[in-house]
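1. Mind looking at a prediction? Sequence and model below.
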Amino acid sequence: MVTTTLTKSPGEAAVTLRKGGLVAFPTETVYGLGADAFQPTAVRRIFEAKARPADNPLIVHLHARAQIELVAARLPPVAERLLEQFWPGPLTLILPKHPDLPGIVTAGLDTVGVRMPRLVLTRRFLKACDTPVPAPSANRSGRPSPTNWEAVEADLGGRIDCILKGGRTEAGVESTVVDCTVSPIEVLRPGAISVEDLRAAVDTVQVPVADQADTPRSPGTRHRHYAPAAEVRLVDAPADAMPGAGHAYIGLDAPSTPDAFGAVYVEADLVAYAHDLFYLFRACDDAGIEVIFAQTVPSAGLGRALNDRLRRAAAR
């Protein structure tokens, strides 16, 4: 056990990271758990704190475009077009790995995922760190990603050194991950930037119809992921959900008998649904809910990412 410091100071959090500590910090998507990319012992602690499989690569967070050359061997022209349009923001680019980047960051792969968050607090923290920061979501492996600092503390308090406190995150789902080492580029994980937006920028974008098999090139592509303790069952409509005191319903359409459920969360629109999903999963766990019935949505735009998270949470 370690003492976990809570702070609102990006400078204080950065000092902890530079000394080899683990720091959880907010981004516009979810909270991340970071270490200095060039301190392999510190990076190894990320895997230990999260109980994360060692073959699951990490995304490196940058505060400036110039840092790309520290972690990537080159920047393909298509990647340059994407970062010009979407950085800073919730887009992760898979690039050829720089030989000096420790292999533990990329799980031994010859590629690396990089992104530049847009949240002002995050950018102040990363600038103060003055080093690339690999960071998966700041939760125990397999659990719902944290969208507030309280969820980080509940999962990782006593296991990490510092939590940089911010508010609820903006997007609620993780970054979109795009492999720029293949042609045409390929979406490895749908996220806050839609496939439609990517296609408007670069024309041709591949979207796999099935999970990557044995060697994931991106975090978040394991079959069981983002799951609460409660069982998640997917439904097309509220009528498909089974009422019960230990059952909850989450969706865009209201059930006809809401009082028959232990909890009901009806979201105003798709953006709100995606923003609140992980938060509501944790709220259901806190309330002792046993089964969550979650309504799926049309797989277009942000709906593709939302359905991806629902499907992985429901996998058994």
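-> Cool, the structure landed.
2. What separation do you get for the residue positioned nearest the centre of the chain and residue 82?
-> Centroid-nearest residue in the chain, with C-alpha atoms, centre = their mean: residue 174, separated by 3.4 Å. Going from residue 174 to residue 82 by C-beta to C-beta, to the nearest Å gives 17 Å. (Glycine included, C-beta is placed from N, CA and C.)
3. again, but for residue 183
-> 13 Å.
4. In terms of neighbours, single out the busier of those two.
-> Between residue 183 and residue 82, counted using other C-beta atoms under 10 Å, residue 82 has the larger neighbour count: 21 against 11.
5. Verify the stated contact: residue 1 with residue 158.
-> Yes - Residue 1 is in contact with residue 158 according to C-beta atoms under 8 Å; the separation is 4.6 Å.
6. The two: who's more crowded?
-> Shown here are residue 1 and residue 158; by other C-beta under 10 Å, residue 158 has more neighbours (10 against 6).
7. so how far is residue 315 from the more buried one?
-> 29 Å.
8. And for residue 168?
-> Counting by C-beta to C-beta - residue 168 and residue 315 are separated by 26 Å.
9. do the same with residue 66
-> Residue 66 is 40 Å from residue 315, by C-beta to C-beta.
10. try residue 253
-> 24 Å.
11. Check residue 82 too.
-> 30 Å.
12. go on, residue 99?
-> 36 Å.
13. Tell me which of the two has more neighbours.
-> Neighbour totals were compared for residue 99 and residue 315, and residue 315 leads with 14 against 8 (other C-beta under 10 Å).
14. For the stretch 101-250 of the chain, which segments count as strands?
-> In the stretch 101-250 of the chain, strands defined by DSSP state E, counting those that start in this stretch lie at 111-115, 133-134, 162-164, 176-179, 185-189, 205-206, 231-235, 244-251, listed in chain order.
15. Just give me how far stretch 236-248 sits from the chain centre.
-> Distance of stretch 236-248 from its chain centroid, counting by C-alpha atoms, centre = their mean, to the nearest Å, is 28 Å.
16. Sorry, wrong one. I was asking about stretch 17-25.
-> Distance, centroid of stretch 17-25 to centroid of chain: 18 Å (C-alpha atoms, centre = their mean).
17. What is the end-to-end distance of it?
-> 11 Å (C-alpha to C-alpha, to the nearest Å).
18. That one: which residues count as buried?
-> 17-18, 21-25 (16 or more other C-beta atoms under 10 Å).
19. go on, stretch 166-181?
-> In stretch 166-181, counting by 16+ other C-beta under 10 Å, buried: 166, 169-181.
20. shaky segments in the protein?
-> In the predicted model, the chain carries pLDDT under 70 at residues 210-225, 316.
21. mind running it again at 50?
-> 213, 223 (pLDDT under 50).
22. which helices and strands does the helix ranked longest in the chain pack with?
-> In the chain, assigned by DSSP state H, the helix with the most residues is helix 270-286. Here helix 270-286 touches helix 149-156, strand 244-251, strand 261-266, helix 302-314, going by 3 or more C-beta pairs under 8 Å, 6 or more residues apart in numbering; DSSP states H and E.
23. All set now, cheers.
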